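[1] Predicted model and sequence below, questions to follow.
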Amino acid sequence: MTKRDYDDVPGTYVLDSRQYRKGYNLNMLLMTLNKAECRAEFGVDEQAYIDKFKITPEQCEAVLNRDYLAMLKLGAN
C-alpha cells in the first residue's frame, strides 16, 4: 500500500479512498440504522441483523461493543 503524507497525523482517522473501500459494508450497515424499523430489527437480534452485511469480524465486534473509535479506525464515517 502506498504511504501518503497524511498517514501519520496524530489523532486523526482520514477518510480517503482506501478507508472508504475498507469501511463500505460497515457504513451500509450503519446507514440502515437511520430507519426506525431497522433499529427495531437490530434491537431484537443484533447479530442476525449484522450478519446480513458483509463486514469483517473486527467491524462486527466494534458494532456490538458500541466502540465508535474502533469503527472509525475500521472505515466508518
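    Nice, thanks for sending it over.
[2] With just CA atoms, put the helix or strand of the chain with the lowest mean pLDDT into CSV.
    Among the helices and strands of the chain, helix 17-32 carries the lowest confidence by mean pLDDT, DSSP states H and E, at a mean of 89. C-alpha atoms of helix 17-32 as CSV (Å, rounded to 0.1, in the frame of the first residue of the first chain):
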residue,chain,number,x,y,z
SER,A,17,-10.5,6.2,-0.8
ARG,A,18,-8.6,3.4,1.0
GLN,A,19,-10.6,3.8,4.2
TYR,A,20,-13.8,4.2,2.3
ARG,A,21,-13.4,0.9,0.5
LYS,A,22,-12.4,-0.8,3.7
GLY,A,23,-15.5,0.5,5.5
TYR,A,24,-18.1,0.4,2.7
ASN,A,25,-20.1,-2.5,4.1
LEU,A,26,-19.8,-1.2,7.7
ASN,A,27,-21.2,2.2,6.5
MET,A,28,-24.0,0.5,4.6
LEU,A,29,-25.0,-1.3,7.9
LEU,A,30,-24.7,1.9,10.0
MET,A,31,-26.8,3.9,7.5
THR,A,32,-29.7,1.5,7.7
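[3] Next, the buried residues of that helix.
    Using 16 or more other Cβ atoms under 10 Å as the test for burial, helix 17-32 gives Q19, K22, G23, L26, N27, L29, L30, T32. Bear in mind the C-beta positions are built from the backbone N, C-alpha and C, glycine included.
[4] pretty sure the first one contacts L26?
    No - counting by Cβ atoms under 8 Å, Q19 does not reach L26; the two are 10.5 Å apart.
[5] Need the overlap of contacts for the two.
    Residues touching both Q19 and L26 by Cβ atoms under 8 Å, 6 or more residues apart in numbering: G75.
[6] Show the end-to-end separation of stretch 67-77, please.
    13 Å (Cα to Cα, to the nearest Å).
[7] what's in contact with it?
    For stretch 67-77, contacts defined as Cβ under 8 Å, 6+ apart pick out 13, 15, 19-24, 26-27, 30, 56, 58-59, 61-63.
[8] And for the closest residue to T56 other than its chain neighbours, the neighbour number?
    Distance criterion Cβ to Cβ, 6 or more residues apart in numbering; nearest residue to T56, sequence neighbours excluded, is L74 at 7.1 Å. Other residues lying near L74 total 21 when counted by other Cβ atoms under 10 Å.
[9] Thanks a lot, see you next time.
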